[in-house]
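any chance you can model this:
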Amino acid sequence: MRMQMQPREIVQALVGAGLTQSRIEERTGVSQSTISKLLTGRVDDVRSRLYLRLVDLHAEVCGSESATQGQEARDAARIHGRDCER
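Model (predicted):
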């Protein structure tokens, strides 16, 4: 089983791909403040639905492996009774 990327790793990859914190906020709904805190390590986790938004944007920007990870995250959420699509 593949290890899922942590929110900080996803945001680092998005910034590395040229997205600003403000652009990530616009495209995911995750506040710029939370994105900044993820990058600096002051926050290490986010709600499931916000995590999935980051994963989806990462898949769009960085490629198909992240898309597979996003589907795996959704499947895990369903197994554990969480509705992450909202």
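
any buried residues in the strand or helix carrying E60, and which?
In the assignment (DSSP states H and E), E60 maps to helix 48-62. For helix 48-62, a neighbour-count test (16 or more other C-beta atoms under 10 Å) marks 48-59, 61 as buried. From N, CA and C alone the C-beta is placed, and that goes for glycine too.

packing partners of that helix?
Helices and strands touching helix 48-62, as assessed by 3 or more C-beta pairs under 8 Å, 6 or more residues apart in numbering; DSSP states H and E, comprise helix 7-16, helix 21-28, helix 64-79.

for those, which has the smallest mean pLDDT value?
Taking each of the helices and strands packed on helix 48-62 in turn, the lowest mean pLDDT turns up on helix 64-79, with a mean of 54.

quick one on the thing from earlier: just the C-alphas of the helix holding E60, formatted as PDB.
In PDB, the C-alpha atoms belonging to helix 48-62 read as follows (Å, rounded to 0.1, in the frame of the first residue of the first chain):
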ATOM      1  CA  SER A  48     -11.000  15.500   5.100                       C
ATOM      2  CA  ARG A  49     -12.800  17.600   2.600                       C
ATOM      3  CA  LEU A  50     -10.100  20.200   2.500                       C
ATOM      4  CA  TYR A  51      -7.400  17.500   2.200                       C
ATOM      5  CA  LEU A  52      -9.300  16.000  -0.800                       C
ATOM      6  CA  ARG A  53      -9.500  19.400  -2.400                       C
ATOM      7  CA  LEU A  54      -5.700  19.700  -2.100                       C
ATOM      8  CA  VAL A  55      -5.200  16.200  -3.500                       C
ATOM      9  CA  ASP A  56      -7.500  17.000  -6.400                       C
ATOM     10  CA  LEU A  57      -5.600  20.200  -7.300                       C
ATOM     11  CA  HIS A  58      -2.300  18.300  -6.900                       C
ATOM     12  CA  ALA A  59      -3.600  15.700  -9.400                       C
ATOM     13  CA  GLU A  60      -4.600  18.400 -11.800                       C
ATOM     14  CA  VAL A  61      -1.300  20.300 -11.600                       C
ATOM     15  CA  CYS A  62       1.200  17.500 -10.900                       C
END
